[in-house]
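Visitor: quick one: sequence and predicted model below, then my questions.
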Amino acid sequence: MLIEARPAIDPEIAALVTAQQREVREADGGLDGQVTVTHDDIRYLAVVVNGRAVACGGLQSIDAATGEVKRMYVRPASRGRGIARQLLAALEELAFRQGHSVVCLETGTYLPAAIGLCTSCGYDRIPAYGEYVHNPYSVCFAKRLPVAA
C-alpha cells in the first residue's frame, strides 16, 4: 500500500470523489439541505494498492491554524483493512506539514462508520462550523495535532 499526493484533476481521484458523493446521496436517503460544495484548493492523497487508487481524502485549509478533511472515501471492496485509519493519519501529517495545529471534519448523522472512525482516532465532537451550521444532519469533529518539538 502506498499513500501519495494526487492533483484534484487526476482521473482516479475524480472517480473516487464521484463514488463518494454517490454513496453519501444513497446513505442520506435524499435528505433536504445536503449541499456539496466543491473547493479548488483541496490537496488530495490517494491510497494505491496493486497500482490502483482504492481510497482518497483531501485537505483544505480553513485558516492558518485549521485544516479540514474533505472527500474521504474507501472503495467498498477495500474496506475493513485499516485503510481509512491510515489515510486519516496521512491527512493529519499533511495538515501538520502545512502548519495547521487543528484538523476538523464533517460527516453525516447517517454515516455511523465515519463517526466511529473519527472518535476512535481521537477526534472530539464540536459544534457545526462554516457551511454546516444550519445542516441538521451534519456532525462535526476536531483534533488538535501534536506540537512540533
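Guide: Sure thing, it's come through.

Visitor: please count neighbours and contacts with C-alpha atoms only from this point.
Guide: OK.

Visitor: helices and strands around the helix or strand of the chain with the lowest mean pLDDT, which ones?
Guide: Taking mean pLDDT, DSSP states H and E as the measure, the helix or strand of the chain with the lowest value is helix 11-28, at a mean of 89. Here helix 11-28 touches strand 52-61, strand 66-74, going by 3 or more Cα pairs under 8 Å, 6 or more residues apart in numbering; DSSP states H and E.

Visitor: ok now it, how far from the chain's centre?
Guide: Helix 11-28 has its C-alpha centroid displaced from the chain centroid by 12 Å (Cα atoms, centre = their mean, to the nearest Å).

Visitor: that one to strand 52-61, inter-axis angle?
Guide: 80 degrees (axes from the mean of the first three to the mean of the last three Cα atoms, to 10 degrees).

Visitor: related to what we said a few turns ago, would you turn the helices and strands packed on helix 11-28 into TSV with mean pLDDT and distance to Arg43?
Guide: Shown next, in TSV, are the helices and strands packed on helix 11-28 (pLDDT from 0 to 100; distance: least, Cα to Cα, whole Å):
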stretch	mean pLDDT	distance to Arg43
strand 52-61	97	5
strand 66-74	96	9
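
Visitor: of all these, which lies closest to Pro127?
Guide: strand 66-74 (14.3 Å; Cα to Cα).

Visitor: tell me which helix or strand comes right after that closest one.
Guide: helix 83-97 (DSSP states H and E).

Visitor: tell me which helix or strand comes right after that following helix.
Guide: strand 102-108.

Visitor: mind listing residues that contact that following strand?
Guide: 28, 65-70, 92, 95, 114-115, 132, 137-145 (Cα atoms under 8 Å, 6 or more residues apart in numbering).
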